[in-house]
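J.: Task: produce atomic coordinates for the following.
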Amino acid sequence: MDLTLFDDVLVLLEEGNMSRAARRRNVTQPAFSRRIRSFETWLGRPIVKRDSNRIEIEPALLANSGELEALVGHVRELRQRIAGYDPGRSIVSIAAQHSLIQSAFPEFAAAARQQYPMTGFRVRAANHNECISLFLRGEASLLMCYERENDVELPFDDGIVRSVWGQDRLVPVVGGSLRFLLPVEGRPPADLPVITYPPRSFFGETLTRAGVTSVNDDSHVVAESAFSAGFKEMALAGLGLAWLPMSLIYNEVQNGSLVICNQDNDTVPLSISLFAQSSNKVAAQLCELR
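T.: Residues are numbered from 1 along each chain as shown. The predicted model follows:
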């Protein structure tokens, strides 16, 4: 099955313009237009309205663009699984938060390889809610995510195996020249620049629930980002105070390039949890790794 035509349509959806889409696909515009017509012939209906000056993508295609992209991804994944099939090898798809991919997942993967040498991973990095959605839709057989203390339990039934891989905590840190502005004792200066998470992001909500008021104070905010890896780099550059998972910055704290504010008295505890369908024996076994 040739997915070229599907890729053409996906690029056209992204660009919304036949010329730009043709350039991205490295073909001439007439050739690209012919390929779009071939897709329309296969589909049995047009996907664009054409006139002399512009094209307009049909609403039916726009409304189903997400499913089309997912379909292409599923077909490619299926092709890889069939082509690389090994009866003694298992490939486990895992959805994990971006920060955990960098901190907890490498240790987990190493432990898994030690106990189950023929097991490999297909990693899907996403934010907290997207990871849960991937798991619920069956697009990931294993889920690694943070859980807050005293939070509402995730919407899983009795068919889901849960375990705690480890503990983590959000800590306030500064780097660069800001390290030298911290008092020997007590809280950091009130006018210290701050890097914040979006209020509706997982870490943003976590800090708000913990009563960390700095995330709502816009007067000294120098940057906002949903990605903790970017947070870390901005903190290292001395742009502002940032709340980061300790697992992500342990080495930097140890070597002094990041300093924990308030002598480590302010932290927000988190659990690193694993979830798997009990019906998936390989994923369920990995969920119980210690």
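
J.: how about the helices of the protein, start to end?
T.: 4-15, 18-24, 29-43, 59-63, 65-83, 98-102, 104-115, 128-136, 202-209, 228-236, 246-255, 281-287 (DSSP state H).

J.: State the number of residues packed around the closest residue to L286 other than its chain neighbours.
T.: Nearest residue to L286 in three dimensions, chain neighbours excluded: A112, at 5.5 Å (Cβ to Cβ, 6 or more residues apart in numbering). Yep, even glycine has a C-beta here, placed from its N, CA and C like the rest. A112 has 21 neighbours, counted by other Cβ atoms under 10 Å.

J.: Am I right that F39 is in contact with D7?
T.: No: taking contacts as Cβ atoms under 8 Å, F39 lies outside contact range of D7: 10.2 Å.

J.: and the longest strand seen in the chain, which strands flank it?
T.: Of all segments of type strand in the chain, defined using DSSP state E, the longest is strand 160-175. Strand pairing for strand 160-175, using DSSP bridges, gives strand 242-245 (antiparallel), strand 258-260 (antiparallel), strand 268-277 (antiparallel).

J.: average model confidence for the last one?
T.: The predicted model gives strand 268-277 an average pLDDT of 93.

J.: just the first one next, same as before
T.: Strand 242-245 comes out with an average pLDDT of 92.

J.: which residues sit against that strand?
T.: For strand 242-245, the external contacting residues (Cβ atoms under 8 Å, 6 or more residues apart in numbering) are 99, 103, 146, 168-174, 194-195, 197, 203, 207, 212, 215, 228, 231-232, 234-235, 258, 268, 270.

J.: what about G204, neighbour count?
T.: Neighbour number of G204 under other Cβ under 10 Å is 19.

J.: need the contact list for it.
T.: 196-198, 215, 226.

J.: Likewise for F32?
T.: 8, 18, 21-22, 25.
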